[in-house]
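S.K.: no sequence for this one, just the structure:
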């Protein structure tokens, strides 16, 4: 009797907060966007760090931002980027630039592919995953 | 600042790439030994001359890599370096070796990049597809920014991010998909004059490229590199060794490198690549201008990498790269010879050794050993390496006497 090897299960990889990044994820859970700001640099930064990039200034503070932005660039996957995303169908892999400056890797959702335009206004969509105790931030057209 | 043209590529070896391995399976360490021996034979130098090595990551060791290699080959190395810069690693390793030679640390350095992933297995050591293999160059380790902010959004691998770069380019500067296809087509012409190329004997048209499947909009399959099995090595030596070598020495006269980020999302301006700095430094160090080189070998994982490198290295005006490609014949017969052995797009990308293809493309032309694809009177070459997602870039100037 032959045995059929069990096909490996590829679950969609989910973020796991770290002690340093926890405030960002806590804010997403409340459907808010909170990122770091360096007063000496005069800039918001992303992703969370212990010290400001470039200057290594020790003055980062957490600030809520509205989370709105523009579509900086995107591509549409015609095949899954890994087996973990095989059930997703074509994905719009997007980079959104927040109005405060930093860019964010995300997915654009709730839009027909032919309507996507670089530079278009986009707004946050907070996607709760209770099983993973995480909220992910995706984007959709503002209008 | 910089090199004084006292270190040269004296020999090389490049395994003909194979899309499916037809050679015997060997471990990276065995490949390291055999590729090195072949390059030393090509240079006409003895293994006992070697007193330095530079290596990429290998399959059989995750740490203590250089000493594992020196032990395996029996080399008393004064300089044993590992370079972890992806596709920029080969060019980066070459200048590190040249610097070690010019500092007097070494007389002869092996720079060897095994490029055959298919290694032996055993019933007690079977091949196991680990989950992390699907994440490509992104780390899923807890605490990794990629694990937390990229992988969950499927921002991983290469096709997606390069597609994003090409999309943004089109938005800022306009997009001519026929010019992008012409990059692949001209390189295929060069491959057809290069018997070791995987696509030797298979000419290509712009229509073929545009009819190939769209992989990551706007990039078509035939604008994207083909993974192969292979490997390559070069021997770098000082002036004394150059006199003993049987080849025309290829002096490393300039280099530049810049490594500003891992994920393109975090580029300050994604449209101005690290190549701007790398190329400027290389040309300044060599004391020559863009018009002084006889050929270029540009890292070509994707057509968009070539296009932006031509602009950012200063050969084409920013935003006019597609016009440049349309106005120039990029074949070995043309007015702007580029990737004269086919580039990785048409010669084949032998894994981490892919970057060495460009180093050897330049060295082969300057040594006058390019056969049917030889450029007349080739004395100077500009070579680039590109790792990650246009996030680690290196430039070299190579010159004959």
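M.R.: That came through, no problem. From a predicted model like this one, the values you see are computed outputs, not experimental measurements.
S.K.: Quick one: the strands in the stretch 201-350 of chain B, in order.
M.R.: B:214-216, B:219-220, B:230-237, B:250-258, B:295-297 (DSSP state E, counting those that start in this stretch).
S.K.: so can I have TSV of the ones you listed showing mean neighbour count?
M.R.: C-beta: built from backbone N, CA, C; applies to glycine. Shown next, in TSV, are these (neighbours: other CB atoms under 10 Å in any protein chain shown):
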stretch	mean neighbour count
strand B:214-216	21
strand B:219-220	22
strand B:230-237	28
strand B:250-258	25
strand B:295-297	26
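S.K.: who touches whichever residue of chain A sits closest to chain B in this structure?
M.R.: Residue nearest to chain B within chain A (CB to the nearest CB): residue A:75, separated by 3.2 Å. Taking CB atoms under 8 Å, 6 or more residues apart in numbering or on different chains as the criterion, residue A:75 is in contact with A:92-93, B:159-161, B:163-164, B:166-167, B:216-217.
S.K.: and these, which of them are in strands?
M.R.: Here DSSP state E is the test, and the contacts of residue A:75 give A:92-93, B:216 as lying in strands.
S.K.: any idea how far residue B:184 is from the residue of the stretch 101-250 of chain B found nearest chain A?
M.R.: Here the stretch 101-250 of chain B gets closest to chain A at one residue, residue B:163, 3.2 Å apart by CB to the nearest CB. Going from residue B:163 to residue B:184 by CB to CB, to the nearest Å gives 16 Å.
S.K.: coming back round to it: which one of the ones in strands among the contacts of residue A:75 is nearest residue B:273?
M.R.: residue B:216 (18.0 Å; CB to CB).
S.K.: Spatially nearest residue to that closest one (excluding sequence neighbours)?
M.R.: residue B:163 (3.0 Å; CB to CB, 6 or more residues apart in numbering or on different chains).
S.K.: residues near residue B:97, how many?
M.R.: Residue B:97: 29 surrounding residues under other CB atoms under 10 Å in any protein chain shown.
S.K.: my guess is it contacts residue B:10, does it?
M.R.: No: Residue B:97 is not in contact with residue B:10 according to CB atoms under 8 Å; the separation is 11.2 Å.
S.K.: Give me the common contacts of the two.
M.R.: Jointly contacting residue B:97 and residue B:10 under the rule CB under 8 Å, 6+ apart are residue B:236.
S.K.: mind putting the contacts of residue A:75 in TSV, pLDDT and distance to residue B:252 included?
M.R.: Formatted as TSV, those follow (pLDDT from 0 to 100; distance: CB to CB, whole Å):
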residue	pLDDT	distance to residue B:252
A:92	96	44
A:93	96	39
B:159	92	33
B:160	93	35
B:161	95	31
B:163	96	34
B:164	97	34
B:166	98	32
B:167	98	36
B:216	89	35
B:217	90	39
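S.K.: how about the residues of chain A near chain B?
M.R.: Within reach of chain B by CB under 8 Å from any CB of the partner chain, chain A has these residues: A:8, A:10, A:12-18, A:21, A:47, A:72-79, A:81-85, A:88, A:91, A:93, A:95, A:103-107, A:118-119, A:136.
S.K.: Buried only: go through those for me.
M.R.: Listed as buried from those are A:13, A:15-18, A:21, A:47, A:72-77, A:81-82, A:84-85, A:91, A:93, A:95, A:103-107, A:118, A:136; burial here means 16 or more other CB atoms under 10 Å in any protein chain shown.
S.K.: Please identify which helix or strand holds the residue nearest the centre of chain B.
M.R.: Nearest to the geometric centre of chain B sits residue B:355, at 1.4 Å (CA atoms, centre = their mean). Using DSSP states H and E, residue B:355 sits within helix B:354-367.
S.K.: which ones are touching residue A:74?
M.R.: Residues in contact with residue A:74 (CB under 8 Å, 6+ apart) are A:92-95, A:108, A:116, A:118, B:164, B:167.
S.K.: So which of those is the closest to residue B:209?
M.R.: Among the contacts of residue A:74, and counting by CB to CB, the member closest to residue B:209 is residue B:167, at 17.9 Å.
S.K.: nearest spatial neighbour of that closest one, skipping sequence neighbours?
M.R.: Leaving aside its sequence neighbours, residue B:167 sits nearest to residue A:73 (CB to CB, 6+ apart; 5.0 Å).
S.K.: which residues does the one you found bridge with?
M.R.: Note on residue A:73: beta-bridge partners by DSSP bridges are residue A:95.
S.K.: What does the pLDDT read for it?
M.R.: Looking at residue A:73, its pLDDT stands at 98.
S.K.: just checking, it touches residue A:117?
M.R.: No: using CB under 8 Å as the test, residue A:73 is too far from residue A:117 to be in contact (11.1 Å).
S.K.: I'd like the distance between the residue most central in space within chain A and residue A:114.
M.R.: For chain A, the residue nearest the mean C-alpha position is residue A:106 (4.0 Å; CA atoms, centre = their mean). Distance of residue A:106 to residue A:114, given as CB to CB: 20 Å.
S.K.: near chain A, which residues of the stretch 251-400 of chain B?
M.R.: Residues of the stretch 251-400 of chain B lying near chain A (CB under 8 Å from any CB): B:263-266, B:270.
S.K.: ok, how many other residues are close to residue B:49?
M.R.: Counted with other CB under 10 Å, residues neighbouring residue B:49 total 18.
S.K.: I meant residue B:211, not that one.
M.R.: 12.
S.K.: quick one: the helices in chain A?
M.R.: Ranges of helices in chain A, per DSSP state H, are A:22-29.
S.K.: That one - how does it break down into domains?
M.R.: Following automatic domain parsing, chain A resolves into domains at A:18-65, A:67-143.
S.K.: Return the most buried member of these.
M.R.: domain A:67-143 (a mean of 17; mean count of other CB atoms under 10 Å in any protein chain shown).
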